[in-house]
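Q: Give me a 3D structure for the following:
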Amino acid sequence: MSQRPQPTSATAATAAAAQVIAALAAPPRIDTLGPVAARFVHALRLIALHEKVGRDPVPELSVRLGGVELAAKALILSHAIAASWPENIHVSRFCCRLLSHDEATIGAFVDAAARSDRSGFEAALAGLVRPERMHRLWEGALALVAAELRAV
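A: Numbers count the residues shown, from 1 in each chain. Below you'll find the predicted structure:
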């Protein structure tokens, strides 16, 4: 009777690495984000579209988000992100339900700000944004969340 070979630690490590790679290859869906973060990702896509065609996004943002204050806070946060991000931000098409890696990270830090979770916010940006740039993003995300709460 032959025995099956027992899995080695190298085999287990390879399997774990394959699972991580598979998880990275499958983009998250926008519905995994909280409501404030999901609305901001849509606003970010709209801002990118308007910038591409050379139009002011504030009028349409105001209509879609429900007010000029929300539009302004979303635009301010988008500019803070663009100034802090290490490279150009990749956004998906406006109609797409899947998130780019940048959008997933942005959604994670906006969700953390909505929960007033500073450590979760910093964890979402760790290794991507320099620590001295995080304060501006934190303040912008909190301002957006506060505007969302006032609009309700």
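
Q: how about the helices in the chain?
A: Secondary structure of the chain by DSSP state H: the helices cover 9-25, 35-53, 58-65, 68-84, 101-114, 118-125, 131-151.

Q: now, of the ones you listed, which is deepest in the fold?
A: helix 101-114 (a mean of 22; mean count of other Cβ atoms under 10 Å). To be clear about C-beta, it is placed using only N, CA and C from the backbone, and glycine gets the same treatment.

Q: and the angle from it to helix 9-25?
A: 80 degrees (axes from the mean of the first three to the mean of the last three Cα atoms, to 10 degrees).

Q: can I have helix 101-114 written out in CSV, keeping just the CAs?
A: Written as CSV, here are the backbone C-alpha positions of helix 101-114 (Å, rounded to 0.1, in the frame of the first residue of the first chain):
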residue,chain,number,x,y,z
HIS,A,101,-6.7,49.1,-6.9
ASP,A,102,-6.5,52.9,-6.3
GLU,A,103,-10.3,53.2,-5.9
ALA,A,104,-10.3,50.3,-3.4
THR,A,105,-7.6,52.0,-1.3
ILE,A,106,-9.4,55.4,-1.5
GLY,A,107,-12.7,53.7,-0.5
ALA,A,108,-11.0,52.0,2.4
PHE,A,109,-9.6,55.2,3.8
VAL,A,110,-12.9,57.1,3.3
ASP,A,111,-14.7,54.2,5.0
ALA,A,112,-12.2,54.4,7.9
ALA,A,113,-12.8,58.2,8.2
ALA,A,114,-16.6,57.6,8.2
